[in-house]
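[1] Quick one: sequence plus predicted model below, questions after.
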Amino acid sequence: MNNIALYNRYGYIVNLEPYEGDKWVLRLDDESGSHVRVGYKENKKDYYFVDPPGGPFLAVGNEIEGRKLTEISHIPNVGFIFTLESSKSDNDEID
């Protein structure tokens with residue numbers, strides 16, 4: 001699987017790198033300062049969005065390359081983890 005490059009209006013490099021299965025880790029270049037704004041769901045425990053400087057604003061329910069963002073979590077020393085639902089092509093069997 002290849003990285004997913006995300007548009008950033010300041011020209012920073014923002015990528016999702018494959019992590020495990022349907023999980024991707026957010027990577028920011030050093031110029032962005034690696035700071036992000038986050039928001040939580042009403043339970044004040046689960047992440048609802050992550051917003052790097054210059055974007056993109058990434059929220060649960062958004063689509064990224066045609067796949068729905070279903071969960072955002074954080075793993076210390078790894079980063080923000082984005083779970084994307086499997087695409088139809090991911091589930092197609094090879095005959």
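    Done, it's in. Residues are numbered from 1 along each chain as shown.

[2] In stretch 78-89, which residues are buried?
    Neighbour counts over stretch 78-89 (16 or more other Cβ atoms under 10 Å) mark 79-84 as buried. C-betas here are computed from N, CA, C, even on glycine.

[3] I'd like to know which of the residues you listed is nearest to Tyr40.
    Nearest to Tyr40 among the buried residues of stretch 78-89: Phe80, at 13.1 Å, using Cβ to Cβ.

[4] quick one: the closest one from Glu20, how far?
    14 Å (Cβ to Cβ, to the nearest Å).

[5] Ok, Phe49 next?
    Counting by Cβ to Cβ - Phe49 and Glu20 are separated by 22 Å.

[6] Looking at those two, which one has more neighbours?
    Phe49 (18 against 9; other Cβ atoms under 10 Å).

[7] Now do the contacts for the closest residue to the more buried one other than its chain neighbours.
    Excluding the flanking residues, the one nearest Phe49 by Cβ to Cβ, 6 or more residues apart in numbering is Ala59, at 4.0 Å. Listed by Cβ atoms under 8 Å, 6 or more residues apart in numbering, the contact set of Ala59 reads 39, 48-49, 69.

[8] got a markdown table for those residues, with distance to Met1 and pLDDT too?
    Converted to a markdown table, the contacts of Ala59 look like this (distance: Cβ to Cβ, whole Å; pLDDT from 0 to 100):
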| residue | distance to Met1 | pLDDT |
| --- | --- | --- |
| Gly39 | 28 | 96 |
| Tyr48 | 26 | 98 |
| Phe49 | 24 | 98 |
| Leu69 | 16 | 98 |
